[in-house]
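[1] Fold the following for me, if possible:
(4 chains)
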Number of protein chains: 4
Amino acid sequence: MAKSKYLHKPVDPFQIIGNDPISHILDRMGSISFQGRNLSNAFQIWKEMLKDQTTIFMGLAGAMVPAGMRRILVYLIENRLIDCLVSTGANLFHDMHETLGKYHWIGTSHISDEILKDEGIDRIFDTFAVEEEFYQADKFVGQFSETLDLSRAYTTREFLFHLGKHLSEIGKEKGILSAAAENGVPIYCPAIGDSSIGIGLAIHGKKSRHSFQFDTVKDVIETANIVINAKQTGVIYVGGGTPKNFIQQTEVTAGYLKGDVDGHKYAVQFTADAPHWGGLSGCTFEEAQSWGKIQKQARMVSVYVDSTIALPLVVTALEEEKSIWKDRKVPSFQYLNDSL
Amino acid sequence: MAKSKYLHKPVDPFQIIGNDPISHILDRMGSISFQGRNLSNAFQIWKEMLKDQTTIFMGLAGAMVPAGMRRILVYLIENRLIDCLVSTGANLFHDMHETLGKYHWIGTSHISDEILKDEGIDRIFDTFAVEEEFYQADKFVGQFSETLDLSRAYTTREFLFHLGKHLSEIGKEKGILSAAAENGVPIYCPAIGDSSIGIGLAIHGKKSRHSFQFDTVKDVIETANIVINAKQTGVIYVGGGTPKNFIQQTEVTAGYLKGDVDGHKYAVQFTADAPHWGGLSGCTFEEAQSWGKIQKQARMVSVYVDSTIALPLVVTALEEEKSIWKDRKVPSFQYLNDSL
Amino acid sequence: MAKSKYLHKPVDPFQIIGNDPISHILDRMGSISFQGRNLSNAFQIWKEMLKDQTTIFMGLAGAMVPAGMRRILVYLIENRLIDCLVSTGANLFHDMHETLGKYHWIGTSHISDEILKDEGIDRIFDTFAVEEEFYQADKFVGQFSETLDLSRAYTTREFLFHLGKHLSEIGKEKGILSAAAENGVPIYCPAIGDSSIGIGLAIHGKKSRHSFQFDTVKDVIETANIVINAKQTGVIYVGGGTPKNFIQQTEVTAGYLKGDVDGHKYAVQFTADAPHWGGLSGCTFEEAQSWGKIQKQARMVSVYVDSTIALPLVVTALEEEKSIWKDRKVPSFQYLNDSL
Amino acid sequence: MAKSKYLHKPVDPFQIIGNDPISHILDRMGSISFQGRNLSNAFQIWKEMLKDQTTIFMGLAGAMVPAGMRRILVYLIENRLIDCLVSTGANLFHDMHETLGKYHWIGTSHISDEILKDEGIDRIFDTFAVEEEFYQADKFVGQFSETLDLSRAYTTREFLFHLGKHLSEIGKEKGILSAAAENGVPIYCPAIGDSSIGIGLAIHGKKSRHSFQFDTVKDVIETANIVINAKQTGVIYVGGGTPKNFIQQTEVTAGYLKGDVDGHKYAVQFTADAPHWGGLSGCTFEEAQSWGKIQKQARMVSVYVDSTIALPLVVTALEEEKSIWKDRKVPSFQYLNDSL
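    Numbering: from 1, shown residues only, chains lettered A, B, ... in the order given. All right, here's what the predicted structure looks like:
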């Protein structure tokens, strides 16, 4: 049938079948084209990671918690479909807000922001939040910091672990921070000052005349140690930004510390960025191979899609294939406590 | 709970539930944010159209048939989830190619195009086709034209209807053209010369010293008549381009002919374009309201997503809610035969 | 200095120099990166075309005339920096509107479209137009058609030539259509029905009970003949859409007619689309090489930029290097009159 | 002439005039549409800031130094067209690399990254760098840190000031860091660990058994104090990411500390992102008004364009209008030294 060695398998036009589980739908989308095929590939590569004793990093950027992704992250943590999370501060702050029983609201982008300002409503594209409640959460963070040992610096992982433990006790909902603390999943936040967590600590510290100290350089060492201690690593990027770069650079740091580091073996990205702007957020995994951040033989895919579409679908599909990963041996990170 | 009249309903963080039908998943995505919510809204608005005795136009742009969307289009036509199709010529040509038993192939975008050229393979992003087979299809179109009355001009609808009838008889697979011919769904192609159909006719005509004539202006009148004869209209745009503009302008033409035309009442667009470039493909339905192409009170949504993700999901979800539309009274277009 | 054969020339960080002509600025941007470098390359490749006896096609899509690009197009035509124009119908209609002394208006995208509707204002992103004036232009087109020979079909080139001649006589401003008619630059409009020109002809024809006939297939032959008669061809795409596809396919048609066609030798595209959606508008020129539409050794660049930024800069820079092209021998298209 | 109060000023089609300074070209682009107009507005708003005794923050994201933007940043700092810089770590690292006499190289994105890996070349889209030289710069940072007081934590501003001073002494080229240190322009880097600066410090600290401490929370306070001490503030965002968010949040923190903070008064963004993905990088300044980060009456514009196009043009245009700003009274930041 085929007339060239480059022709292996025909596109199989998608057949409409009702009540087909999303895992099957995604499987079948592997035989169509463009981003539909890539979304399917992301599902397949994630499954391969889970089967192959891989330590899985997730990078989380974009307003994913206000967008309704918190429970998906909780699911991923509790079922250990990811092993280590690197996040923007905003997502963790919004997670704390929801864990404390507050909401984000279905809003619209077609509205006067001046009116919203007067109503005390903060807008995140098509989603609203009550500004006053964010102020309360800012203060909550500041007060929480008093429970820590103010005479020393904390890695962001340590700080977020203790915050998660606290939320686990007092929270009204299970959140990313509390689930991670309960399940041994370390969370890093390389730009923690750049968020309402930073604001809360800054304000509180200003009053109490104490500036809370983060050991951000130790975060760098720790995450490199995770790479060094792993049989192999995989990455899943929800958006780009600081979390993606931070996880990518673990390979460089690990290379310094250990010498023979190959790069991540599996790589999935959900992004709405594009390579031709030259930034790290939109860059391809091929580009990362030149840096040694991704293995030459890596299994990798970039899916150009809003993560609010990709995550509900792909994670539901993973749940449907639980048999693959339910007995997965998850990495333990006890060595982190004495990483320096 | 809410502190402002602008706060109606909280975001409901998406819960992972295995084996939940995609129609339920999409329903639940209506309570998250960003394009996930918009994809859900597209599903809801399409259902509303189907319940509300709406004549539904679909605009089809982008390489959707090579991408594996042919059977979805056939499904939409056979089940009359759309009533009139406006397409680029390329999609109809590729449909014919597949109907004649040929394939598109799973390829890759990471390959030397010079090698592909030497192999006789045409690339469409990550999808391949055999150039020689396209030449055969070009010739098929030219020969088919001999079966028509060469002494008069055809609307693109007439031409494509006859081509569909012919493919219905000789085709190895059911296609868009053949399904439409069998099910009374008119297809228009405003830029039919701008495609391999145009090339096929041009080459054949050059040899036979006859230039096949299309009555493109009559296409304009006919589609306006569809609007005038409809109780109300809805639109679903897969991409932008000529098909979107052509369907949008039916309201302007109908306004001239009848006087009191309101604009389309329902509007859905799946697009990877953006409004800020100023083009028609990416423009919002709000903008279209200023022109009277979309009703002031229309139900409308633009979903920023690759259609190869949106179509498999949304159409499968529609299949799951067949009870809503299985007894739908579909418009008949018999009046088209004497529209001038 | 360099340590690898892949390192030829360092990036030369851009130096701020006041009153440096834009042609020099663009030259210097050739030594920076990303789309800044690509914009510079577009300027260089256009100059190469002009020096190399190339027949230059321009494809024009997007609302470029409402956006203030009319005089740039007039400049390109009068100075013969392009030889053949393929356009959407909308740009030609808006050109006619401005040539007749009407305006587009500086508007905003932050406004209620319902209010605009009530004011009789049509919005094009951040630009306004008076709907009533568009109606007048619609009628003007219809009445103009009466001056033609209604017993035969016209190529879009012939129709637009006669329309241009007429506008040349009665217009208040020089426009694209009138300049092209005066300067022997053929204009094609593959989807002419899909525009207000189509609407104007349809409405008028409905009243006068005559459907104006376009010979769209002959357009296909004619543009292929332009390729066949050219020493070599170059393309400049302002946006994608039907104009890009139509110019690309001239190589395929010419290949049928003549046999040994190589593809366009020079290729420049200004676009806000991206390759990964799989459509023709955003596809790379590399992809086009697999089809033989672009030469294997072509000089080519895609610049990811809004054309309202690219055109004023690049065309001003070309004006500054007039010495290169002022004695250019331009192709004549007299053979078009007997192309079949 | 105009028929509605919404019609104030017609679009003035752009006229091609050779040797017109870019400042004039940009002025005239204010009367066209889409991003061309927005680019002009960015130039105007920047000039307004300079005339209006505004403290100007710049956020710098994306691989702008490898892309050849270093000297533009140096120009902006030396001429005080910006007052405070917030940057990703990568841009500062690459600046240091170039200041030390090393290069980035003109490369291409059409190349095998496996070959580049073997050649020791790191790719940044279409730009190359020598990996070994980056390793040297990593080590340079580590060794530099030894010159500081390791018994205390540094704000990123302090650290980068001292690094700039050092580079000022030993550098072969003037860079962002050295120019800023010489000209009293504070630089903040909220995610400094997330970069090769972080890697360099981590590796060095691992060997020397000392983890360099950054006082990232104090960065938050300091930048809020800059807002509080300013008559008013303006922002210029080159890309989004952490720098944009960090500058936006200064208004929130300042609001806590002082109570009656209005938001930034002037706001310009050059971005290739889009609002509909919901992230902070692409969000509109209108959205920021709901949060009080941007004043209700602010002068603001988002330009959808690659910064490698925008910066060379807009900054050259500013140089041409030196008379406006040459006597500008620039803010001094001496108060920063005792900000807590």
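[2] switch to C-alpha atoms for all contacts and neighbour counts from now on
    Noted.
[3] May I have the residues that are in contact with the spatially most central residue of chain A?
    With distances taken as Cα atoms, centre = their mean, the residue of chain A nearest its centroid is residue A:60 (2.9 Å). Residues in contact with residue A:60 (Cα atoms under 8 Å, 6 or more residues apart in numbering or on different chains) are A:85, A:86, A:87, A:88, A:91, A:237, A:238, A:239, A:240, A:243, A:244.
[4] same question, residue A:15
    B:71, B:72.
[5] rerun at 10 Å
    Each residue near residue A:15 by Cα atoms under 10 Å, 6 or more residues apart in numbering or on different chains is listed here: A:25, A:28-29, B:68-75, B:312, B:315-316.
[6] just residue A:126 next, same as before
    With Cα under 10 Å, 6+ apart, residue A:126 has these contacts: A:66-67, A:105-111, B:32-35, B:37, D:276-278, D:287.
[7] picking up where we left off before, from residue C:172, how far off is the residue nearest to the centre of chain A?
    58 Å (Cα to Cα, to the nearest Å).
[8] contact partners of stretch A:249-259?
    By Cα under 10 Å, 6+ apart, the surrounding residues in contact with stretch A:249-259 are A:220-229, A:233, A:260-264, A:291-294, D:135, D:194-196, D:198-200, D:202-203, D:206-207.
[9] same thing but at 7 Å, please
    Identification of contacts with stretch A:249-259 by Cα atoms under 7 Å, 6 or more residues apart in numbering or on different chains yields A:223, A:224, A:225, A:227, A:228, A:261, A:263, A:293, D:199.
[10] Surely residue A:265 is in a strand?
    Yes. Per DSSP: H, G, I helix; E, B strand; the rest coil, residue A:265 lies within a strand segment.
[11] quick one: it from chain D, how far?
    Distance, residue A:265 to chain D, by Cα to the nearest Cα, to the nearest Å: 15 Å.
[12] Confirm for me that that residue is in contact with residue A:233.
    Yes. Under the criterion of Cα atoms under 7 Å, residue A:265 makes contact with residue A:233 at 5.8 Å.
[13] Just want to know which of the two has more residues nearby.
    Neighbour comparison, residue A:265 and residue A:233: the larger count goes to residue A:233, with 25 against 20 (by other Cα atoms under 10 Å in any protein chain shown).
[14] hang on, isn't the more buried one packed against residue A:56?
    Yes. Here residue A:233 reaches residue A:56: they are 5.8 Å apart, a contact under Cα under 7 Å.
[15] what's the burial count for the spatially closest residue to residue A:127 that is not a sequence neighbour?
    Of all residues not flanking residue A:127 in the chain, residue A:107 sits nearest, at 4.4 Å (Cα to Cα, 6 or more residues apart in numbering or on different chains). Close neighbours of residue A:107, defined as other Cα under 10 Å, add up to 21.
[16] Could you list which residues are in contact with residue A:107?
    A:126, A:127, A:128.
[17] ok, those vs chain D, which is closest?
    Of all those, chain D sits closest to residue A:126, with 7.6 Å by Cα to the nearest Cα.
[18] how about residue A:65, secondary structure?
    Under the three-state scheme (three-state DSSP), residue A:65 adopts coil.
[19] okay, now it: neighbour count?
    Neighbour count of residue A:65, defined by other Cα under 10 Å: 29.
[20] now do residue A:231
    Quick note: residue A:231 (other Cα under 10 Å) scores 12 neighbours.
[21] quick one: it and residue C:21, what's the gap?
    Residue A:231 sits at a distance of 58 Å from residue C:21 (criterion: Cα to Cα).
[22] and what of residue A:332?
    Taking Cα to Cα, one finds residue A:332 at 62 Å from residue C:21.
[23] Check residue A:20 too.
    Taken as Cα to Cα, the span from residue A:20 to residue C:21 is 63 Å.
[24] got it, and residue A:118?
    From residue A:118 to residue C:21 the distance is 48 Å (Cα to Cα).
[25] Which one's more surrounded, those two?
    The neighbour count for residue A:118 versus residue C:21, taken as other Cα under 10 Å, is higher for residue C:21 (18 against 11).
[26] In three-state terms, label the closest residue to that one other than its chain neighbours for me.
    Spatial nearest neighbour of residue C:21, chain neighbours left out: residue D:19 (5.2 Å); criterion: Cα to Cα, 6+ apart. Per three-state DSSP, the local secondary structure of residue D:19 is coil.
[27] now do the one 5 residues further on
    At residue D:24, secondary structure determined by three-state DSSP is helix.
[28] And the pLDDT at the residue lying closest to it once chain neighbours are set aside?
    In space, and not counting its chain neighbours, residue D:24 is closest to residue D:317: 8.0 Å by Cα to Cα, 6+ apart. pLDDT, residue D:317: 98.
[29] Would you mind listing what in chain A touches chain C?
    A:34, A:276, A:277, A:278 (Cα under 7 Å from any Cα of the partner chain).
[30] Roughly how far does the second one sit from chain B?
    By that I understand residue A:276. For residue A:276, the distance to chain B - Cα to the nearest Cα - is 15 Å.
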